[in-house]
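Colleague: With the sequence up front, the predicted model follows.
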Amino acid sequence: MSWRRRNFGLVGAVLDVKEVRVALHPDLLNILCCPVCKGDLVVVGAEEGLQCAACQVVYPIRDEIPVMLVDEAVPLAQWEQGVREVYR
Ligand SMILES: [Zn+2]
């Protein structure tokens, strides 16, 4: 288990009670695209993730950093059930 994964448990708990909002710069969103289909991404939740509508996945935002890795993408159906991290 990496440092980032352990740290995310704490960050996730804080986000759950809506005490922290992540400030994503609009310019950052403009340059980000889905690594699979190169499509546009939409912010979901309290800037908790970036959703690709075409691929039906959400790329999580951790420590204010979008994780644009296919291996870390959460299937949209699971994301809507509260899953924020995929364990493989
Ligand atoms: Zn995509």
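Modeller: Nice, thanks for sending it over. Nothing here was measured: the structure is a model prediction, and the numbers come from that model.

Colleague: what helix or strand does Val58 sit in?
Modeller: Per DSSP states H and E, Val58 falls inside strand 57-62.

Colleague: Now do the helix or strand following that strand: distance to the chain's middle.
Modeller: Under the assignment DSSP H and E, the closest C-terminal helix or strand after strand 57-62 is strand 65-66. In this view, strand 65-66 has its centroid 7 Å away from the chain centroid, taken as C-alpha atoms, centre = their mean, to the nearest Å.

Colleague: hmm, who's touching the helix or strand just after strand 65-66?
Modeller: Note on strand 65-66: by DSSP H and E, the next helix or strand toward the C-terminus is strand 74-75. Strand 74-75 is contacted by residues 49, 56-60, 83-86 when judged by C-beta atoms under 8 Å, 6 or more residues apart in numbering. Placement of C-beta: from N, CA and C, glycine included.

Colleague: Any idea how far the strand holding Val58 is from the middle of the chain?
Modeller: Distance, centroid of strand 57-62 to centroid of chain: 2 Å (C-alpha atoms, centre = their mean).

Colleague: can you tell me if that strand touches the ion.
Modeller: No - counting by C-beta under 5 Å from the ion, the ion has no neighbours in strand 57-62; the shortest distance is 6.8 Å.

Colleague: repeat for stretch 71-88
Modeller: No - Stretch 71-88 is not in contact with the ion by C-beta under 5 Å from the ion; minimum separation 8.7 Å.

Colleague: that older thread, highest neighbour count among the contacts of strand 74-75?
Modeller: Highest neighbour count within these: Val58, with 26 neighbours (other C-beta atoms under 10 Å).
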